[in-house]
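Trainee: I would like the atomic coordinates for the input below:
(chains A and B)
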Amino acid sequence: MATLIEVNELKKHFPIRKGIFSRAVGAVRAVDGVSFTINEGETLGLVGESGCGKTTVGRTVLRLVEPTSGEIKVRGQEITGLSRTDMRPLRRQMQIVFQDPFSSLNPRIRVNEIVGEPLKVHGVGNKTERNDRVEQLFKRVGMRPEQMTNYPHQFSGGQRQRVSIARALALDPSFIVADEPVSALDVSIQAQVINLLMDLQSELGLSYLFVSHNLAVVEHISHRVAVMYLGRIVEYADKVSLFANPVHPYTEALLAAVPLPDPSLQRTKHRVTGDVPSPINPPSGCHFHPRCPIAVARCSEERPMLREIAPGHQAACHLR
Amino acid sequence: MKTGFLNDVVYLSRRYPLGVAGVIIMSVFVLAAIFAGTVSPLDPFTTNPRASLAKPSADHLMGADMMGRDVMSRMIHGARISLAVSIGATFIGSGLGAALGLASGYIGGWFDLLIQRAAEVMQSLPLLVMALVITASLGPSLPNTIIAIAIPLVPTVARVIRSNVLSLREMPFVEAAKATGMSEFRIAVVHVLPNTLAPLIVLATAQLGSTILTEASLSFLGLGVPEPWPSWGRMLSESAAEYVRTAPWLVIFPGLAISLVVFGTNLLGDALRDALDPRQRD
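Mentor: Here you go, the predicted structure:
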C-alpha cells in the first residue's frame, strides 16, 4: 500500500501572550513531536484523553492550524511551506468532519448549498451538474433528496453529521480527518455513522485519521492505532496487536479503564492516579513518569523515543 | 414567482402581526412624507398673526404655533426631514459600522488594534459634540446633517459587530469553509456577516429614535437643517420649554410622532430579525 500522509516530528506550540506588548511568556505544547504515516485506504485511530492534543494534530495536518515545526507530506509532497494558492488543489484531497454537528453547519444556509459549497469554491461543473452531484451525495450518505432545501436546524444530530460527511465527500477527497465525529451522538446513531464511514472507505478507498477518545469505536474502525499522551505518541501499532498486547503503561491503564460488562470481573491492575499535567509545563523526560506505576529515575531525565518492540508495534518506554 | 411572494407575505403577516403593525405605522409616515405637498392642509411656512397659538380646531386640526403656522402641515412636511435624517443616518452609520466591525474582528492583529483605538477615541466624545464638530466644519444642510449624525453611530455598531465576529470566526463551519479552500473575504461575507444580522437590526432600530433627537438638538443650535424648514425634533425642542403649559399641542404632536416612529421601527425590526432567521421558521 502506498503512503498517503506522512507526518514527521510535528509540533504545535500555542504561545501564551501577556502584557501590553503581547510578549510570549510561555507556550502550550499541544503537539510536541508527533510522527505517523497513513496508507491509502487505511484508518489510523488517534486516541488519548481530553487535552492531549489529538484534535490539534488533525487540524494541523490539514493546515487549518499552522504547525510550529515538523513535516507534513501528502503523497510525498511537503505541504507545510505552501502558500494559500498552492494549497488549494491539495484542499480538494483533504477534508474534515467535525465533532459538534450543531456548530459545524452554518445555521443560515440551506444544506444543499452547504454540501455544494466546496464544488462552487473549486469551480466544479455548472449549476445543474453541481445540483446533481449534491443530490447524489445526499443519497450516498443515506438522506432523502427532498430534505436538501432544509436548514440545518431541521435535522437531528445524526443527520447533520451525515450532511457534514456529504460536504467532506463533495470534492472526492482521498483523505478525511474525522475529529470525534460520533462522540456527540447517541449510541445507536454512532453505529450508523461509523458504518457509513466504513462503507465509504471500502467503496471510495478513503483514508481516515480518526480522532477519538472512545476505545471501542477506535477498535472497530481503525487499522492501526496511535495512543497520545500530552502531545506525544506513546504507542503506535497495528490495531489487533495494540488491543491484545499493550506495551506502554499508559496504554495498559487506558485499556483497563474501559468498563467491563460483567461486574464480577473486577480489574485491579493498572490504576493510574492523579490528573494529566499541564501542557504548558510538561514533566521532564517521559511525560507520563509522574503517574507511571513502574517509573524509574531514567524516566524523568530522558525522553523515550518510539522504538519497535515487535514487528509493526512501536512504543515509547524505556522499560519495555 | 408572484404567487410565491404573495404566499410569503400572507404567511409572514400571520406569523408576525406586530411586524405588520410596524409596517403600517411606518408606511403612514413615509407616505405622508412623500406626498407632503398634497396631503398637508395648509402651507407650512405661511404665518398668520391672528392664528398665533390657536388651539386645535377645525381650521387647525393640531393647532398653530406662535407665528400662526399650521402645526399639522408643519408636522407632515417635517416628516420628510425627520425620516430622511433618521433612516438615512441609521443606514449609513450601521452599514459603515458593520463593515468596519467585520473587517476589524475577522482580520484581527494590528488592523483590529487600530480600528478599536480609533473607535475608543470617537466614543470618548459625546455624540452631540461629535455631530456638532462635523456639521460646523461641513456647514448646515440636509446631507451634511445626515453624515454628521451617522458618523458618531459607527464606533458603537463596529464594536458590537466585532465582538460577534470574534466568536463566529472560531466556529467549526468557518473552519470547514477554510478546509475547502474558500477565500477569507468570501468566508467573512458568506459565513460570518449573515450571522451578525440579529444584533445589527436590534442596534439599528434602537438608534433610530436617538437620531431624530440628535437632529433636533443640532437644528436648535442652528447647525441642522436650516430654518424655516420644519422638523419634528426642532418643533419639539423649540416649544418644549416655553409652551408646554400654555400651548401643549405644540409639544404633544411632534413628541407623539417621534414616539410612534421609534415604536414602529422597533416592531418592524423585531419582526424582521425573526423573519430573516431560518431557525425561527417551521
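Trainee: Sort out which residues of stretch A:243-250 are buried, please.
Mentor: A:243, A:246, A:247, A:248, A:249, A:250 (16 or more other C-beta atoms under 10 Å in any protein chain shown). (Glycine included, C-beta is placed from N, CA and C.)
Trainee: Hmm, I typed the wrong one, I wanted stretch B:13-24.
Mentor: Here stretch B:13-24 shows B:16, B:19, B:20, B:22, B:23 as buried, counting by 16+ other C-beta under 10 Å.
Trainee: Looking at the stretch 201-320 of chain A, which residue is nearest chain B?
Mentor: residue A:209 (13.1 Å; C-beta to the nearest C-beta).
Trainee: so is that residue in a helix, a strand, or just coil?
Mentor: Put simply, residue A:209 is strand when judged by DSSP: H, G, I helix; E, B strand; the rest coil.
Trainee: cool, residue A:101 as well?
Mentor: coil.
Trainee: what number of residues lie near the nearest residue in space to it that is not next to it in sequence?
Mentor: Spatially, and ignoring its direct neighbours in sequence, residue A:101 is nearest to residue A:160 (3.7 Å; C-beta to C-beta, 6 or more residues apart in numbering or on different chains). Applying other C-beta atoms under 10 Å in any protein chain shown, we find 23 residues neighbouring residue A:160.
Trainee: how about the residues of chain A near chain B?
Mentor: Residues of chain A lying close to chain B (C-beta under 8 Å from any C-beta of the partner chain) are A:59, A:62, A:64, A:84, A:87-88, A:91-92, A:94-96, A:98-100, A:103-110, A:117-118, A:121-122, A:151, A:153, A:164, A:167, A:171.
Trainee: at 7 Å what do you get?
Mentor: Proximity of chain A to chain B is confined to A:62, A:64, A:87-88, A:91, A:95-96, A:98, A:100, A:103-108, A:117-118, A:121-122, A:151, A:153, A:167 under the rule C-beta under 7 Å from any C-beta of the partner chain.
Trainee: picking that back up, quick check: chain neighbours aside, which residue is closest to the residue of the stretch 201-320 of chain A closest to chain B?
Mentor: residue A:177 (4.8 Å).
Trainee: Next: residue A:190.
Mentor: residue A:182 is the one closest to residue A:190 (C-beta to C-beta, 6+ apart), at 4.1 Å.
Trainee: roughly how far apart are the one you found and chain B?
Mentor: 15 Å (C-beta to the nearest C-beta, to the nearest Å).
Trainee: And the residue in the stretch 151-300 of chain A that chain B sits nearest to, what's its pLDDT?
Mentor: Going by C-beta to the nearest C-beta, chain B is nearest to residue A:151 of the stretch 151-300 of chain A, at 4.1 Å. On pLDDT, residue A:151 comes in at 92.
Trainee: ok, it - how many residues close by?
Mentor: As a burial measure, residue A:151 scores 18 neighbours (other C-beta under 10 Å).
Trainee: Next: the one 5 residues further on.
Mentor: In terms of burial, residue A:156 registers 12 neighbours under the definition other C-beta under 10 Å.
Trainee: do the same with residue B:109
Mentor: 8.
Trainee: Correct me if wrong: residue B:203 contacts residue B:159.
Mentor: No: under the criterion of C-beta atoms under 7 Å, residue B:203 makes no contact with residue B:159, lying 10.1 Å away.
Trainee: Find the centremost residue of chain A, please.
Mentor: Using C-alpha atoms, centre = their mean, the residue of chain A that lies closest to the mean C-alpha position is residue A:211, 2.9 Å off.
Trainee: What count of nearby residues applies to residue A:170?
Mentor: 25.
Trainee: okay, now the nearest residue to it once chain neighbours are set aside: neighbour count?
Mentor: Spatial nearest neighbour of residue A:170, chain neighbours left out: residue A:118 (4.4 Å); criterion: C-beta to C-beta, 6+ apart. Residues within reach of residue A:118, counting by other C-beta under 10 Å, total 26.
Trainee: which residues of the stretch 1-150 of chain A fall in helices?
Mentor: A:54-61, A:84-91, A:111-121, A:127-140 (DSSP state H, counting those that start in this stretch).
Trainee: Specify the stretch among the ones you listed that is closest to residue B:270.
Mentor: Closest approach to residue B:270 among the helices of the stretch 1-150 of chain A is made by helix A:111-121 (27.0 Å; C-beta to C-beta).
Trainee: which residues are in contact with that closest one?
Mentor: A:105-106, A:125, A:130, A:133-134, A:137, A:148-150, A:152, A:163, A:166-167, A:170-171, B:180-182 (C-beta atoms under 7 Å, 6 or more residues apart in numbering or on different chains).
Trainee: and if you look at stretch A:21-35?
Mentor: Counting by C-beta under 7 Å, 6+ apart, A:7-18, A:53, A:56-57, A:60, A:231-233, A:279-280, A:282 sit against stretch A:21-35.
Trainee: From these, list just the buried residues.
Mentor: By neighbour count, with 16+ other C-beta under 10 Å, the contacts of stretch A:21-35 hold A:7, A:10-14, A:53, A:56-57, A:60, A:231-233, A:279, A:282 as buried.
Trainee: Spatially central residue for chain B, please.
Mentor: residue B:208 (2.9 Å).
Trainee: Distance across stretch A:296-312, terminal residue to terminal residue?
Mentor: Separation of the first and last residues of stretch A:296-312 by C-alpha to C-alpha, to the nearest Å is 26 Å.
Trainee: how far out from the middle of the chain is it?
Mentor: With C-alpha atoms, centre = their mean, to the nearest Å as the basis, stretch A:296-312 stands 24 Å off its chain's centre.
Trainee: List the buried residues for that stretch?
Mentor: Applying 16+ other C-beta under 10 Å to stretch A:296-312 flags A:299, A:304, A:306, A:309 as buried.
Trainee: Chain A contacts on the stretch 51-200 of chain B?
Mentor: Looking at chain A, the residues of the stretch 51-200 of chain B close enough under C-beta under 7 Å from any C-beta are B:171-173, B:175-176, B:178-182, B:191, B:194-195.
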